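# starting from these lines, generate the structure:
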Amino acid sequence: MDGTGLLFEPLLESLAGKCEISVVTHSRANTFPELVEEVESQLPDDRRISLVAESFSGPVAVEIMARQKLDIGASVLCATFCTSPFLQLVRLAVYLPEFLFNIQVIRKAVINSLASENYIDASVKRKVYEIMESEDPKLVKKRLSILRSIDVTERARNVLVPILYLRASRDRIVSCQLGQRLVDNLPCAEVAEVSGPHMLLQAEPDVCSELILEHVTTQTTTKGVGTH
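Here you go, the predicted model:
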């Protein structure tokens, strides 16, 4: 959700030398359609690619694949959703003063929810803290506002490529039911459950990279894996 792509470092290290990888970032968008446009504009249109999208980026990837403008092959969605996992909270966030998004105790509670406390590597958790501390409260509030409007339930039915959904067994953010709602609306999807927290790609990069590579190479011949 931070948009920097820095949290993909553990996965990138695990995938290094095994495929061509590009990390797509986002920062300018004020609405979900703008966010989709910003991300899509950074994707290559001269070759087949696969998308790997985690959490907040999942609906963005779904919308891009549903448009069918680019040559996208088998792709991976991780710990993500078709509608916001905390809709009441994001509705309330619009009316909260910005300084509340900079209170350390709140940020720490959020990180513990994402990482299931001590389940994730300490170095990765430090990286999360560093990113959150550098985040502008205005940006955090804006992203929560975008999250409020997301609903790609119907658009998911237009995603025709094979999808692997990585479900985190200890996810405190996206419930099994919410993740399954997305899977049920994808015409060609399979689920792999991996033991770990919501930040699954950070907690279990080696396990996830093996599943990702197996999926994109067996389902279709790809030249690159795009993560965002």
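
# now the strands for the protein?
21-23, 50-54, 75-78, 163-168, 189-194, 225-227 (DSSP state E).

# out of those strands, which gets nearest to V207?
strand 189-194 (5.6 Å; CB to CB). For the C-beta atoms, the positions are set from N, CA and C on the backbone; glycine is no exception.

# what's the mean pLDDT across the helix ranked longest in the chain?
Secondary structure of the chain per DSSP state H: the longest helix is helix 205-219. Averaged across helix 205-219, pLDDT comes to 94.

# count residues in the vicinity of the closest residue to E54 other than its chain neighbours, would you?
Excluding the flanking residues, the one nearest E54 by CB to CB, 6 or more residues apart in numbering is C78, at 4.3 Å. Neighbours of C78 under the rule other CB atoms under 10 Å: 28.

# test my guess that C78 contacts V207.
No: here C78 lies out of contact with V207, judged by CB atoms under 8 Å, at a distance of 11.5 Å.

# circling back: quick one: closest of the strands of the chain to L43.
Distance to L43, taken as CB to CB, is lowest for strand 225-227 among the strands of the chain, at 6.0 Å.

# by contact count, what packs against the longest helix of the chain?
Applying 3 or more CB pairs under 8 Å, 6 or more residues apart in numbering; DSSP states H and E, we find helix 205-219 packed against helix 9-15, strand 75-78, strand 163-168, strand 189-194.

# who's in contact with the residue nearest to E54?
52-55, 58, 165-166, 168, 200-201, 208 (CB atoms under 8 Å, 6 or more residues apart in numbering).

# and those, which is closest to T153?
Nearest to T153 out of the contacts of C78 is G58 (CB to CB; 12.4 Å).

# let me know the pLDDT of the residue nearest to that closest one when sequence neighbours are not counted.
With sequence-adjacent residues excluded and distances taken as CB to CB, 6+ apart, G58 is closest to T80, at 2.5 Å. Looking at T80, its pLDDT reads 96.

# for K18, see how far away T80 is.
23 Å (CB to CB, to the nearest Å).

# count the neighbours of the spatially closest residue to E37 that is not a sequence neighbour for me.
Distance criterion CB to CB, 6+ apart; nearest residue to E37, sequence neighbours excluded, is A29 at 7.6 Å. For A29, the neighbour count with other CB under 10 Å is 18.

# quick one: contacts for A29?
35, 37-38, 146.

# if we can go back for a sec, is it true that the residue nearest to G58 touches S57?
Yes: using CB under 8 Å, T80 is in contact with S57, at 7.3 Å.

# which one's more surrounded, the two?
Between T80 and S57, T80 has the larger neighbour count (other CB under 10 Å), namely 27 against 23.

# so who does L15 touch?
21, 209, 212-213, 225.

# rerun that using 10 Å as the cut-off
Each residue near L15 by CB atoms under 10 Å, 6 or more residues apart in numbering is listed here: 8, 21, 52, 205-206, 208-210, 212-213, 225, 227.

# now, which of those sits nearest C176?
For the contacts of L15, with C176 as the reference and CB to CB as the criterion, the closest is C208, at 17.9 Å.
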